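**Q** okay, predicted coordinates and the sequence, questions at the end:
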Amino acid sequence: MPDLHMVVCMKVVPKPEEVHVDPATRLLDRAHARSEINPPDMNALEFALELKDHYGGRVSILSMGPPFFEPYLRVGLAMGADHIYLLSDRAFGGADTLATTYTLAKGIQKMGGADLIFCGEESSDGATGQVPPGLAEWLDICQITLVSNFDIDLARSVARGRHEIRGGYEILEVPLPAVVSVKTASNEPRFMDYRIKPWAFAEGRVTVWTKTDLQADEACIGVPGSPTTVSELTQAPARERKREFLIGTSEEIAQRLAELLHDVSQNAPETLRKS
Amino acid sequence: MVASLYSVAEEQKAIWVFLEQEAGKLENVSLELLAKGRQLADQVGWRLAGFLMGNSIAQLTQEAIAYGADEVVLAEHPLLDDFTVDAYCHVAFEAIMRYKPSVFLLGVTPDGRDLAGRLAVRLRTGLNADCTDLRLTPESGILAGEVSGFGGGVLALIEMQNHRPQMATIRPGVFPPGQADPHRKGSVIRLPVNLTEAMINTRIVERVVGARTDLTQTPALVVGGRGVGDKFDMLRELADLIGGDIGATRPPVDEGYIERERQIGQTGVVCRPKVAIVCGVSGAFHFVVGIQGADVVVAINSDPKAPIFDFADYCIVGDVFKVVPALTAALRATHEVSYA
């Protein structure tokens, strides 16, 4: 395998701590939130860059979204990636997992395929982690999800990763090409290299592909390609809490709390809620 | 519009639940889904089926029936002994195409997510992921999944009109498990399994399952946030004293102070303890989602403006490093308190 090609799927999301809930309407205010690269995707990129350091090859960043994603994604170039492919078309908008994974798969095919496709564990806005397996299915290749440790054996053309399961782990081995979802915080993403920053932000680093470029089936992208619809948006019911402040020295408060905890452990919850 | 492999007209009026098992026991989340599935099936007059894959696990069919299943669709094969997404997706796809259930529910677990994400694409159907509630409309047979939007402030109802099966994954702990009725009768449908080694490209080189942490079941939860630093020993002492367990928000998990399986909230565990004692946590909405089911919430934070106090029954503005040890001492000295 002379030229190992790795693709890292990345997404730009609003910073969760800057997304506010309007106290009156209880609706989300995303307008004032700054954006960032979905943090788990940085762990995915770091995995790919470490493999590149070791085995050579090239790292492509793949993203689906509006043009404003571009400067955020270029940070990935300044970290060591080689090129950005941005799938950008109004027709891609409103995509659920099925349409998103279809579109990403078309992008990878258009690139001429990849040996490894890295994804973050989940996105900080959607947080469902369903893109990696869906993408693997469209491409008809293997997946290893929730990976915290990873290596490849080029001679045998296999990937081996430590995959998290409930209460433990598995070491899984799959043939290349494969989709790998990286466990959040499983590595320390490197900083931008300021020496290559001018290169990263120069012309010619980003390829934008539309639905026409991808020769995407119109029925499979955006809203038409998305089986799920949002039928209703409601305010999350705020559960009424007592909000009783306990005042005093630490010892006085501790004493009162100990009594409360005793009562709670003895009483049926219904009694407590009514009291 | 992209069509699913079978249509609404072809669906069977049945709810299927993916039954996960480990070491000869059904997972709690599977029991929770059976209980919720039973309730939905009764509302609309449909059948509830457990879908069980594995090797030499036929003894679990009676347990699934006791917990509410009308029937168990059983697929047994040596190559289903340990979960590989290749084998499980292959068998699940064949089973679903054979019986065409209207609804297929899975738990949000590593295996449940791996299977659901792949299977939904193979079936060209929608996936309603990470639901916190489910509703089934009797007239239309449409399943709506409640999903908490960014940060948890908004709830969205998501459904699919034209695609089948209506797949949904549900977080552990959001539905209470039902009571087993050992006298309940049901049927077992054995599925022919067509699997060969050549179909499985994933090789399990090593498999280690240690002690399981299951915070969805703990009666008392002590949670640490950024404000407790790495002092989880202090919280552990308190939790042990009252027969509970410890959890955390995301920052201490990311710092490596505590295992990720103890992360509480939208991207972690959703709990329903009798009491949650929340220490040094600011109270971001995506965390609060994880303790909304607690009967009583106690919050300790040095910042009187911390949002967590809006979500607590008892609020203490103070230094967690003073209040928690004082509480531990007070519990030791004066009260015998145990939630265990």
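**A** Ah, there it is.

**Q** so which residues of the chain form helices?
**A** Answering for chain A, as no chain was given. With DSSP state H as the criterion, chain A has helices at A:39-55, A:70-79, A:97-111, A:131-139, A:197-200, A:211-214, A:250-266, A:269-274.

**Q** I was after chain B.
**A** Going by DSSP H, chain B shows helices at B:28-44, B:60-66, B:85-99, B:110-122, B:232-241, B:250-254, B:285-288, B:320-334.

**Q** ok, back up a step: for B:D42, find the nearest of the helices of chain A.
**A** B:D42 sits nearest to helix A:269-274 of all the helices of chain A, at 24.4 Å, using C-beta to C-beta. C-betas here are computed from N, CA, C, even on glycine.

**Q** rewinding a little: which of the helices of chain A sits most buried?
**A** Of all those, helix A:131-139 has the most neighbours on average by mean count of other C-beta atoms under 10 Å in any protein chain shown, namely a mean of 25.

**Q** for stretch B:166-176, buried residues please.
**A** B:Q166, B:M167, B:A168, B:T169, B:I170, B:R171, B:P172, B:G173, B:V174, B:F175 (16 or more other C-beta atoms under 10 Å in any protein chain shown).

**Q** just those residues that are near chain A?
**A** B:T169 (C-beta under 8 Å from any C-beta of the partner chain).

**Q** among the buried residues of stretch B:166-176, which two are most distant?
**A** Largest pairwise distance in these, by C-beta to C-beta, is 22.1 Å, between B:Q166 and B:G173.

**Q** so what's the nearest residue to A:L139 once chain neighbours are set aside up against?
**A** Excluding its sequence neighbours, the residue lying closest to A:L139 (C-beta to C-beta, 6 or more residues apart in numbering or on different chains) is A:A105, at 5.3 Å. Counting by C-beta atoms under 8 Å, 6 or more residues apart in numbering or on different chains, A:A105 touches A:L135, A:W138, A:L139.

**Q** before we move on, what about A:G57?
**A** A:D3, A:L4, A:H5, A:M6, A:L51, A:D115.

**Q** and the pLDDT for A:A236?
**A** At A:A236, the predicted lDDT confidence score is 63.

**Q** same question, the one 4 residues further on
**A** The per-residue pLDDT reported for A:E240 equals 83.

**Q** number of residues surrounding it?
**A** If you count neighbours by other C-beta atoms under 10 Å in any protein chain shown, A:E240 ends up with 8.

**Q** can you show me the strands along the stretch 151-300 of chain B?
**A** Listed in chain order, the strands of the stretch 151-300 of chain B (DSSP state E, counting those that start in this stretch) span B:154-159, B:166-170, B:187-190, B:203-209, B:220-224, B:245-248, B:275-279, B:296-301.

**Q** within its sheet, name the partner strands of the first one and how each one runs.
**A** It stands for strand B:154-159. strand A:229-235 (antiparallel), strand B:143-148 (antiparallel) (DSSP bridges).

**Q** C-alpha coordinates for the first one, CSV please?
**A** These are the backbone C-alpha positions of strand A:229-235, laid out as CSV (Å, rounded to 0.1, in the frame of the first residue of the first chain):
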residue,chain,number,x,y,z
THR,A,229,-39.3,14.3,10.4
VAL,A,230,-39.6,16.5,13.4
SER,A,231,-43.3,16.5,14.2
GLU,A,232,-43.3,18.7,17.2
LEU,A,233,-41.0,20.9,19.2
THR,A,234,-41.9,21.4,22.8
GLN,A,235,-40.3,23.1,25.7
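
**Q** chain center to it, what's the gap?
**A** Relative to the chain's own centre, strand A:229-235 is displaced by 23 Å; criterion: C-alpha atoms, centre = their mean, to the nearest Å.

**Q** tell me where the chain is predicted with low confidence.
**A** Picked chain A for this. A:1-2, A:16-17, A:19-30, A:124-127, A:235-238, A:267-275 (pLDDT under 70).

**Q** hmm, I had chain B in mind actually
**A** Across chain B (using pLDDT under 70), the flagged ranges come out as B:149-154, B:335.

**Q** OK, contacts around the closest residue to B:L215 other than its chain neighbours?
**A** Excluding its sequence neighbours, the residue lying closest to B:L215 (C-beta to C-beta, 6+ apart) is B:V269, at 4.7 Å. With contact set as C-beta under 8 Å, 6+ apart, B:V269 has these partners: B:P172, B:G173, B:L215, B:T216, B:G247, B:E261, B:R262, B:Q263, B:G290.
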